[in-house]
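>>> next comes the sequence, and after it the predicted model I'd like to discuss.
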2 protein chains.
Amino acid sequence: MKNSEGSQALLEEAASKLRQAGYKLTRPRRVIMEWFYRKQEHATPHQVHAAVKDFGVGLTSVYRNLELLAQVGILRQVCFHDGYQRYEPVLPGDHHHHLICSGCGKVVKFFNCDLDKLEEQLAAETGYVVDRHMLQVFGYCRRCQKDR
Amino acid sequence: MKNSEGSQALLEEAASKLRQAGYKLTRPRRVIMEWFYRKQEHATPHQVHAAVKDFGVGLTSVYRNLELLAQVGILRQVCFHDGYQRYEPVLPGDHHHHLICSGCGKVVKFFNCDLDKLEEQLAAETGYVVDRHMLQVFGYCRRCQKDR
DNA sequence: GGTCTAACTGAAATTTGATTTCAATTAGAC
DNA sequence: GTCTAATTGAAATCAAATTTCAGTTAGACC
């Protein structure tokens, strides 16, 4: 599967999710989604805006649509605990978390979190319907270890 | 061990940590630490300020000292992904995480995260020196399940 | 005890991320 | 093509967080 084709398929899937939820497929939304599917990386609202403002998409719309796209399940919020909101595209079969360097902020994805049993146990103990989880691991990357 | 005694011991331990790091034990710092050790709960900077302003501690000092106390290891940052910074006291032998209701924000602590092996594995794979991790589990509490 | 100085403080000003307002535009149903 | 509710961008606003700065204080050293 070529990347462009994958991107196209994702975009159609996303458009259908939007319609299903009763939202329009507007230009700003398409531009933002295309950008995320091309980049396949997390980004702050300001980073997204920097990337899409030349297509006439304002910062307000970026904020509004990042929230809306996350609510519909096209994006998800991630958090590196540095005071910035971030979003990343939800890609099929891509459950991962982030290992974050406390020195330079460099981020590495990892995939083996294995927290299903914990979720079940928590649900049983608390009566919560458990939805999802977020995990951040912190440390220092090789370069930052040397610099100290 | 009575609570007041525990609080006292924690405070002395904390004062020693401060001194060791080259910081002074000022009145605002003592007030903030005492409050956290008494309450033993997470709080936002504004909540802390509301609690300590009558002792003459300004909001600026609250922000500055929450950050400093976290850096020294007396407090730690926690995050419920609702856009507010939060801090909680670091208590001996108290490694826990939070189960958060996406409906009403209610928070339940839990203690069995069992991520040591994952941390080791990540360290081996990436060369990072792994420090710590943060985990948030999301769902809906009983009451919020009914309300939907 | 007193003296000294760098660390620290609170108040005010400022910055900045995020939200709200509102008149103009547009997607998409008909 | 027509219509209308959803959506937009710019500007105003809000609020969290940070910076500035002159005054205060903890605690090291007599």
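Noted; the coordinates are in hand. Numbering: from 1, shown residues only, chains lettered A, B, ... in the order given.
>>> hey, let's count contacts and neighbours off CA atoms from now on
Noted.
>>> do the longest strand seen in chain A and chain B meet?
Longest strand in chain A by number of residues, with DSSP state E as the criterion: strand A:129-140. Yes: against chain B, strand A:129-140 shows contacts by Cα under 8 Å from any Cα of the partner chain at A:129-140.
>>> same for that strand, what does it pack against?
Under the contact criterion of 3 or more Cα pairs under 8 Å, 6 or more residues apart in numbering or on different chains; DSSP states H and E, strand A:129-140 touches strand A:97-101, helix A:116-126, strand B:129-140.
>>> pull out the buried positions in the next helix-or-strand element following that strand.
Downstream of strand A:129-140, the next assigned helix or strand under DSSP states H and E is helix A:142-146. Of all the residues in helix A:142-146, those buried under the rule 16 or more other Cα atoms under 10 Å in any protein chain shown are residue A:144.
>>> same deal with stretch A:125-136?
So for stretch A:125-136, counting by 16+ other Cα under 10 Å, buried means A:128-130, A:133-136.
>>> swap in stretch A:95-109?
So stretch A:95-109, judged by 16+ other Cα under 10 Å, has buried residues A:97-102, A:105, A:107.
>>> tell me the two of those that are most distant?
Using Cα to Cα, the buried residues of stretch A:95-109 reach their maximum pairwise distance at A:97 and A:102, which is 15.6 Å.
>>> over to residue A:48. Which of the three states is it?
helix (DSSP: H, G, I helix; E, B strand; the rest coil).
>>> which single residue of chain A ends up nearest DNA strand D?
In chain A, the residue that lies nearest DNA strand D is residue A:57 (2.9 Å; Cα to the nearest atom of the strand).
>>> so what's that residue closest to, chain neighbours aside?
Among residues not flanking residue A:57 along the chain, residue A:28 sits closest, at 5.6 Å (Cα to Cα, 6 or more residues apart in numbering or on different chains).
>>> helix or strand for that neighbour, just tell me which one.
helix A:27-39.
>>> next, see if that helix gets close to DNA strand D.
Yes: using Cα under 7 Å from any atom of the strand, helix A:27-39 reaches DNA strand D at A:27-29.
>>> most surrounded residue in those residues?
In terms of neighbours by other Cα atoms under 10 Å in any protein chain shown, the residues of helix A:27-39 next to DNA strand D top out with residue A:29 at 21 neighbours.
>>> residues touching that residue, list them.
residue A:65 (Cα atoms under 8 Å, 6 or more residues apart in numbering or on different chains).
>>> does the residue of chain A closest to DNA strand D touch residue A:50 like I think?
No: the pair residue A:57 / residue A:50 is not scored as a contact, 9.5 Å apart, by Cα atoms under 8 Å.
>>> so for these two, which sits in the more crowded spot?
Higher neighbour count among residue A:57 and residue A:50: residue A:57, with 19 against 13, using other Cα under 10 Å.
>>> quick one: that one from DNA strand C, how far?
The gap separating residue A:57 from DNA strand C is 11 Å, by Cα to the nearest atom of the strand, to the nearest Å.
>>> quick one, grab the pLDDT at that residue.
Per-residue confidence (pLDDT) for residue A:57: 98.
>>> repeat that for the one 10 residues further on.
According to the model's per-residue confidence, residue A:67 sits at a pLDDT of 97.
>>> in what helix or strand does it lie?
Counting by DSSP H and E, residue A:67 is part of helix A:59-72.
>>> packing partners for that helix?
helix A:27-39, helix A:45-52, strand A:75-78.
>>> ok, and for the longest helix along chain A, which residues are buried?
Determined from DSSP state H, the single longest helix within chain A is helix A:3-20. For helix A:3-20, the neighbour count (16+ other Cα under 10 Å) marks A:7, A:10-11, A:14-15, A:17-18 as buried.
>>> and that helix, what other elements does it pack with?
helix A:27-39.
>>> right, I'll call it a day here.
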